[in-house]
Each structure stands twice: as structure tokens, then as C-alpha cells.
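Visitor: The following comprises the amino acid sequence and a computationally predicted model.
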Amino acid sequence: MRLVLLVLGLLLLGAPASAHDTGHAPPDQIGNLRTVVTGGDLPAGLTLDVLENGRQLRLRNSAGRDAVVLADKGAPRFRLGPGGAFVNSALPDEETPHGDHGPEHTGDTAEHPVQWRQLSTEPVISWHDHTAHWGDANPPAIADPSARSVIRPWTVRVLLDGEKHEARGELQWVPGPSPWPWAAVALVVAAAGAWLLRARDRALGFSLGVVALLSAVHGLGLLAGRDAEPTGRGAIFLAEYLPALAGWLLAGAAGWLLVTGKRDGRWFALLGAGAVGVFTVARDLVVLSSSTSVSVIPLWIDRGLVTLAAGLATAGVIAVLWQPKVGNSSPQEDPIQGKMTL
């Protein structure tokens, strides 16, 4: 049994932790980059929203008339109205701002004849604007990381009824809070939890269930906020969250074994707490010092979830290593001395 657990643990620890290792994920999912709409003169019926912290912009047209989104050099890029949403397929890729990685820009966008291709029957269009989003996996170089600054402004220009309108925004650097108060709470939880749980199987089991729940709520909140990726949340979950799911299930199973007094529960506890702890520490502690997250959970609550999950997971590992075996998780009466013992 222990050999099986060891192999499973190595597989868990060797699996990719999350999407933070690929694509655009590190600076824009959780970090100090923020994309906001700052102003403009869009008429009634036109609404611009920022999706997933700038990964996409979404324009909705309820004005009942066609609106055209203009490219950088003035050519029509999108059209949306009563007939649906269309893209001008004659245009090449948009220019990638200096400092980002992305597709090369070729050709004069204003010289290509318009070729409308329908995307949907709804008057809504979402697109990736390189100016509104930092496209590198590494954050930009900031002169003073402790101060709020504008990395670059961005503009969306729209033509409606022959008149030009625009929405203005900024890609900002917003410094996050100090992580040390949260880290101190996690350390206190870990130390106190290890002391209290070291000889109590049932309490250790309940704590592992809480760890799995906290980590799962945090992870699924982050997944729910990723609403701008073409693959969809289901594909994201299968590609990036299976190792985390294995950790949650393992911690939950260990908790059940301990609460019900099953054999090998403490070894499962070690593996389950370790797996969730690795995912939490390696992937999610960055939220403690970040000002932005795409999670649907309020950021201060999300920090609390990660802090408690990290502390309790660490407590579980220490408790099992401190006392690998216990006779019972609850006080029992000694039949010889007639005293209550742990």
C-alpha cells in the first residue's frame, strides 16, 4: 500500500501544477497587471467590457443599428448590429506592441478591400487587443514597482451612424500588498494545527477535508473567471486542473479514512496534505502579494482561502511526520488505571 502511495505521490508532484507555466497566464491571471476602461464617448447602446483582465475586449451593440470597430489605421475590423457580428477577414493580424511576444504585423490595414465574414447572429463581438493586454509570460520592466504606473494606454474606435466614437483604457501596473501578514497567519495555523492534530486522527481527517474544500473553492473560482479563452472552461479543466483534482480527491479520501478509523489513513493524510500543499504553495501563494486576479471570488477572501489551505496542509504533513502512528484519535479510558488517556 505504501509503495502505491509513493508512486501516486511522485506522479502528483511531477505533474504540471497549472496554467501559470504556459501562455499568458503568470502576469494576467494573478499578478499586478490590470486592464481598465478609463473613459470615452460611446453612445447609448454600445457597451465595452474587459474580459479576463484584458485577455479579450467585448463590445455589445443594443442600439439597433450597425456599429463598426476600426483597426489601428482606420480600416473596418468588426461589424455588429441587428444582423449579427462580422469580421473583416481581409485584414492581417494586429500589430504587437513593443515588449510583447505575439504574431508579426504585416501589410497596410487601410488598403485591403473589406471582406465580411459572419461570426455569430448576436450583436456581440469579443477580440484580443494586444494593446490592452500584456502578451509576454514575464511581467514588464517597471521603474518603480512600489508605485502605480501606466504601462500603456489603449483605445477602441467605433463608427456609428457615420460618426466616430471611442472608448479609452489603460494597461496598468498596480503594486500588491505585503504578503507577510498572510504568511504569518499561515505559519501560526501550521504550528498550532500540527500540535493539535498530531495524535488525533479524526480531527486530522476533518482538517484534510477542509483543506481540500478551501483549495478547490480557490481553484474553481479562478477557473470560473477565465471567461475569455476559446477552448472553454471544460477543456481548461482537463488540460490544467487534473493534478489539482487528484490532490483534492486524495486529501478528501484521506480525511474519510481517518474519520472512519480505516487502516493507512495517516499515510494517505501525508500524501493528500502534501499534494494539496505543493499545489497551493507552488501555484497560488502569489495571490497573497498580488493586486489582481481573474477569480470570481473577492481578492481578500481568496487570499484567506489560500492562507488557510497552505497552513492546514502544512500542519497535516508535520502532524503525520511528528507522530506517524496513534492508537486512537479520541480519549479512551485505561481499563487498568481508570484514567483518560489520549
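Guide: Ah, there it is. Residues are numbered from 1 along each chain as shown.
Visitor: drop to CA atoms for contacts and neighbour counts, all remaining ones
Guide: OK.
Visitor: Break this protein down into its structural domains.
Guide: Domain ranges of the chain: 2-25+176-331, 33-173, per automatic domain parsing.
Visitor: Quick one: the helices in the stretch 201-342 of the chain, in order.
Guide: Assigned by DSSP state H, counting those that start in this stretch, the helices in the stretch 201-342 of the chain fall at 201-224, 232-240, 242-259, 265-279, 299-322.
Visitor: what's the most buried one of the domains of the chain?
Guide: Of all the domains of the chain, domain 2-25+176-331 has the most neighbours on average by mean count of other CA atoms under 10 Å, namely a mean of 20.
Visitor: about what we covered before: dump the domains of the chain into TSV; add mean pLDDT as well.
Guide: What follows is the domains of the chain, written out as TSV (pLDDT from 0 to 100):
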stretch	mean pLDDT
domain 2-25+176-331	80
domain 33-173	86
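Visitor: right, so of the helices of the stretch 201-342 of the chain, which gets closest to Trp195?
Guide: In terms of CA to CA, the element of the helices of the stretch 201-342 of the chain nearest to Trp195 is helix 299-322, at 7.0 Å.
Visitor: That closest one - contacts with which helices or strands?
Guide: Contacts defined by 3 or more CA pairs under 8 Å, 6 or more residues apart in numbering; DSSP states H and E place helix 299-322 against helix 180-197, helix 201-224, helix 265-279.
Visitor: before we move on, what SS does the closest residue to Thr38 other than its chain neighbours have?
Guide: Nearest-residue entry for Thr38: Gly169, 4.7 Å, with adjacent residues in sequence omitted and distances by CA to CA, 6 or more residues apart in numbering. Assigned with DSSP: H, G, I helix; E, B strand; the rest coil, Gly169 falls in the strand class.
Visitor: Quickly list what Gly169 is bridged to.
Guide: Bridge pairing for Gly169 (DSSP bridges) gives the partners Val37, Trp154.
Visitor: Isn't it up against Thr35?
Guide: Yes. The pair formed by Gly169 and Thr35 meets the contact definition of CA atoms under 8 Å, at 7.2 Å.
Visitor: Quickly list what's touching both of these two.
Guide: Residues touching both Gly169 and Thr35 comprise Ala132, with contact defined as CA atoms under 8 Å, 6 or more residues apart in numbering.
Visitor: Okay, Phe78 and Pro298: tell me how far apart.
Guide: Noted for Phe78: a distance of 34 Å to Pro298, by CA to CA, to the nearest Å.
Visitor: For His165, grab phi and psi.
Guide: The phi and psi values for His165, taken as degrees, to the nearest 10, are phi -130, psi 170.
Visitor: Would you enumerate the residues in contact with it?
Guide: By CA under 8 Å, 6+ apart, the neighbours of His165 are 40-43, 157-159.
Visitor: Which of these sits closest to Ala147?
Guide: Distances from Ala147 to the contacts of His165, taken as CA to CA, are shortest for Gly40 (25.6 Å).
Visitor: ok, back up a step: Arg65: which of the helices and strands packed on helix 299-322 is closest?
Guide: Closest approach to Arg65 among the helices and strands packed on helix 299-322 (CA to CA): helix 201-224, 32.5 Å.
Visitor: do you know how far the residue lying closest to Glu122 once chain neighbours are set aside is from His165?
Guide: Nearest residue to Glu122, sequence neighbours excluded (CA to CA, 6+ apart): Gly84, at 4.5 Å. Note on Gly84: its distance to His165, by CA to CA, is 20 Å.
Visitor: Ala319 now?
Guide: 63 Å.
Visitor: pretty sure Glu249 contacts Ala212?
Guide: Residue 249: Leu, not Glu. Yes. Using CA under 8 Å, Leu249 is in contact with Ala212, at 7.4 Å.
Visitor: Next, the contact list for the residue positioned nearest the centre of the chain, please.
Guide: For the chain, Leu222 is the residue whose C-alpha lies nearest the centre (CA atoms, centre = their mean; 3.7 Å). Contact analysis of Leu222 by CA under 8 Å, 6+ apart lists 293-297.
Visitor: redo that, cut-off 10 Å
Guide: Leu222 is in contact with 29-30, 216, 293-297, 302, counting by CA atoms under 10 Å, 6 or more residues apart in numbering.
Visitor: can you redo the helices and strands packed on helix 299-322 as TSV with distance to Pro123?
Guide: Conversion of the helices and strands packed on helix 299-322 to TSV gives the following (distance: least, CA to CA, whole Å):
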stretch	distance to Pro123
helix 180-197	45
helix 201-224	24
helix 265-279	41
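Visitor: Gln56: which of those helices is closest?
Guide: helix 201-224 (15.4 Å).
Visitor: what angle separates the closest one from helix 180-197?
Guide: 150 degrees (axes from the mean of the first three to the mean of the last three CA atoms, to 10 degrees).
Visitor: can you give me the angle helix 201-224 makes with helix 299-322?
Guide: 140 degrees.
Visitor: Make residue 1 into 290 and carry on from there
Guide: Got it, first residue is 290 now, which makes that one helix 490-513.
Visitor: just checking, what packs against the host helix or strand of Ile414?
Guide: Element membership of Ile414 [criterion: DSSP states H and E] is strand 413-416. Applying 3 or more CA pairs under 10 Å, 6 or more residues apart in numbering; DSSP states H and E, one finds that strand 413-416 contacts strand 335-340, strand 345-350, strand 365-370, strand 373-377.
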